[in-house]
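**Q** Can you look at this prediction? I've put the sequence above it.
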Amino acid sequence: MQEVLDYFDSVVYNDLPAHLIYVPEMRLINRADIFGIVRPHEVIHNQMVLVLDSWTAKARAKATLMKHLNYAIFSHRWLREGEPTFADMQTPAAKTGPGFEKLARFCEKAKEYDCIFAWSDTCCIDKSSSADLDEAIRSMFKWYRNAFICIVHLATSSSLDDLSDDPWFTRGWTLQELLAPEQIKFYGTNWISLTSHLNDKDTDEDTHTSIMRVVSKVTSIPFGQLMNFQPRTHQIAMKMSWAAMRRTTRIEDTAYSLMGIFDVSITIAYGERERAFFRLLQAVVEGSRQGTWEVLAWLGERNPYCHSLPKSPVSYKPLATLQRTWSSGQISQSDIPWAFACGDPSLQISPRGVEVNVLLVECTSTLDESNLHHVLSPTGTAGERDDSYDETVAIQSDSDRLALVDEFALGVLDFWNDDMDEGLLKANQEYICLFLGTGPTSTALFKVRTNNIITLKVRRDVRSKLTKVWLA
């Protein structure tokens, strides 16, 4: 008995949100209040018929108790004003207006799923408490994952044809609210169900997946990821591309809303602006040893806290687009390098910059006749052209940047990593590169910003010593 009760305590205090709506009374409760509502001793005594000394009986007891903790969670687009707050839920007179009406409709749907508890981000977070806010932001993905059902309200959609224009798909926080739940239900304008099914992620029948096929097309998120997303630190560019077209009101939330998707945690510090995204990338790299090179393959605005990293997720969209093109076979190659362990597993990000091993390919540079971009030609150690690679590589970069470069090289990021000191490039494959150079006063390599993702086609197998570079 005590083991089961301890399990119940652990779930309440570790897996459930700090505050919930008690649906029958539409009042806000905290975790301690749950014990007075569910009464775990009585549940076990009344419903368990086997001796609790057996493993099976204990498992059944836990499952029975967990059914009494089912909660519905809300995903929606906030109104410009009038959403009920944590303080409003303490004041009966404040429970009026369009925001509260929306909350009431959500709770009605929760009842239909036999959930006596519900959670909404508008009123279930005490934003006056930094500890409460910090826990909510760090735990948000987990709370959506643990919910019995996620109720999504698409206020501007009356059919599946409207989904592409619904603002819910443009907000930063709703990305994890789409990916995390195991069960989800979409409602449209006037709370009309957009499908005839209880769970829109139900895959028992093909017809159940129709709305998720539309969502996949609208979001560019692969169908399999929508149906069974697992948070990890790999596939950085792909996940960043999902967030690229989404917006958050606070700059920092661009990073905070992605913590759960990458399964990392960083401290919450509103006011730090783009530094939050820098710290997110730092945490992702620290938590992974596969594919971390992707953090360096970006285009666009630099992060003011580390110029070798980008300012926001949108900078990773070009790489993700290229990866999808290669994966679909539009570019012929015998294999895809990043499907395996590749790149530098010891890549490190610190406040001083990025330290990474690359497979260095020396090049000569010429300006093409149109004067629009430079052309690099891989060379051997003696300066002759190296026919292990395609003859030329086009570089799109501003002329004022190139004027600062004396000698040129390409740093291959996604080499095959089968040796600590050497990298391998396989024949007939394309690889992602950094454009590197040395200046007139130093032999140290630095990254030259380009306007295109640089790829290098390899004609035959190349094995070479790796070169460590420091990118400020």
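**A** Good, I have the coordinates.
**Q** hey, let's count contacts and neighbours off CA atoms from now on
**A** Fine.
**Q** So, low pLDDT: which residues of the chain?
**A** 1, 43-55, 57-58, 61-62, 203-209, 327-341, 367-374, 380-383, 399-400 (pLDDT under 70).
**Q** the domain parsing of it - what is it?
**A** 2-227, 236-327, 342-471 (automatic domain parsing).
**Q** Turn these into JSON lines, including mean neighbour count.
**A** Formatted as JSON lines, the domains of the chain follow (neighbours: other CA atoms under 10 Å):
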{"stretch": "domain 2-227", "mean neighbour count": "17"}
{"stretch": "domain 236-327", "mean neighbour count": "20"}
{"stretch": "domain 342-471", "mean neighbour count": "18"}
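**Q** now the residue nearest to Pro345 when sequence neighbours are not counted: how far from Leu281?
**A** Excluding its sequence neighbours, the residue lying closest to Pro345 (CA to CA, 6 or more residues apart in numbering) is Arg289, at 4.8 Å. Using CA to CA, to the nearest Å, one obtains 13 Å as the distance from Arg289 to Leu281.
**Q** need the longest helix for this structure.
**A** helix 130-146 (DSSP state H).
**Q** Other residues contacting it?
**A** 15-18, 73, 125-127, 150, 176-177, 180-182, 256-257, 259-261, 265-268 (CA atoms under 8 Å, 6 or more residues apart in numbering).
**Q** C-terminal to that helix, what's the next element?
**A** strand 149-153 (DSSP states H and E).
**Q** what angle sits between that following strand and helix 130-146?
**A** Angle between the axes of strand 149-153 and helix 130-146 is 100 degrees (criterion: axes from the mean of the first three to the mean of the last three CA atoms, to 10 degrees).
**Q** how near is Trp173 to Val354?
**A** For Trp173 relative to Val354 (CA to CA), the value is 28 Å.
**Q** What of Ile29?
**A** For Ile29, the distance to Val354 - CA to CA - is 46 Å.
**Q** Kindly report the same for Ser365.
**A** Distance from Ser365 to Val354, by CA to CA: 26 Å.
**Q** go on, Val295?
**A** 10 Å.
**Q** circling back: which SS class is the residue nearest to Pro345?
**A** coil (DSSP: H, G, I helix; E, B strand; the rest coil).
**Q** so it makes contact with Ser346?
**A** Yes: if you go by CA atoms under 8 Å, Arg289 and Ser346 touch, sitting 7.2 Å apart.
**Q** which residues touch Ala237?
**A** Contacts of Ala237 (CA under 8 Å, 6+ apart): Glu294, Val295, Tyr316, Lys317, Leu319, Ala320.
**Q** Swap in 7 Å and give it another go.
**A** Glu294, Tyr316, Lys317, Leu319, Ala320 (CA atoms under 7 Å, 6 or more residues apart in numbering).
**Q** what helix or strand is it on?
**A** helix 236-243.
**Q** cool, and Thr195?
**A** Here Thr195 is assigned to no helix or strand, by DSSP H and E.
**Q** ok, now Val358?
**A** Counting by DSSP H and E, Val358 is part of strand 353-367.
**Q** Tell me which residues are up against that strand.
**A** 306, 308, 344, 347-349, 373-380, 408-413, 415, 423, 464-472.
**Q** try 6 Å
**A** 306, 344, 347-348, 374-379, 408-413, 466-472 (CA atoms under 6 Å, 6 or more residues apart in numbering).
**Q** Partner strands of it and their direction?
**A** Paired with strand 353-367 in the same sheet, following DSSP bridges, are strand 348-350 (antiparallel), strand 374-378 (antiparallel), strand 407-412 (antiparallel), strand 467-471 (antiparallel).
**Q** got TSV for those strands, with distance to Phe223 too?
**A** As requested, the strands paired with strand 353-367 are exported to TSV (distance: least, CA to CA, whole Å):
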stretch	distance to Phe223
strand 348-350	32
strand 374-378	39
strand 407-412	31
strand 467-471	37
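**Q** Which among those is found nearest to Thr85?
**A** The closest of the strands paired with strand 353-367 to Thr85 is strand 348-350. By CA to CA, the value is 38.8 Å.
**Q** ok now that closest one, how far from the chain's centre?
**A** Between the centre of strand 348-350 and the centre of its chain there are 20 Å (CA atoms, centre = their mean, to the nearest Å).
**Q** Over to stretch 269-286?
**A** Counting by CA atoms, centre = their mean, stretch 269-286 comes out at 13 Å from the chain centroid.
**Q** Pull the CA coordinates from it and hand them back as CSV.
**A** Only the C-alpha atoms of stretch 269-286 are listed here, as CSV (Å, rounded to 0.1, in the frame of the first residue of the first chain):
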residue,chain,number,x,y,z
ALA,A,269,16.5,35.3,-17.6
TYR,A,270,14.1,37.7,-19.4
GLY,A,271,16.1,40.7,-20.6
GLU,A,272,19.0,38.7,-22.0
ARG,A,273,17.6,39.0,-25.6
GLU,A,274,19.6,36.9,-28.2
ARG,A,275,21.9,35.6,-25.5
ALA,A,276,19.1,33.1,-24.7
PHE,A,277,19.4,31.5,-28.1
PHE,A,278,23.2,31.4,-27.8
ARG,A,279,22.8,29.5,-24.5
LEU,A,280,20.3,27.2,-26.0
LEU,A,281,22.7,26.2,-28.8
GLN,A,282,25.4,25.8,-26.1
ALA,A,283,23.2,23.4,-24.2
VAL,A,284,22.2,21.4,-27.3
VAL,A,285,25.9,20.9,-28.2
GLU,A,286,26.8,19.9,-24.7
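**Q** What ranges does the stretch 1-150 of the chain have for its strands?
**A** 19-22, 27-30, 71-76, 117-119, 149-153 (DSSP state E, counting those that start in this stretch).
**Q** So which other helices or strands are in contact with the fourth one?
**A** Contacts defined by 3 or more CA pairs under 6 Å, 6 or more residues apart in numbering; DSSP states H and E place strand 117-119 against strand 19-22, strand 71-76.
**Q** Next one: Arg459 from Thr392, what distance?
**A** Counting by CA to CA, the gap from Arg459 to Thr392 is 12 Å.
**Q** quick one: contacts for Val458?
**A** Val458 touches Tyr389, Ala427, Asn428, Gln429, counting by CA under 6 Å, 6+ apart.
**Q** And Phe74, by the same measure?
**A** Contacts of Phe74 by CA under 6 Å, 6+ apart are Ser120, Cys150, Ile151.
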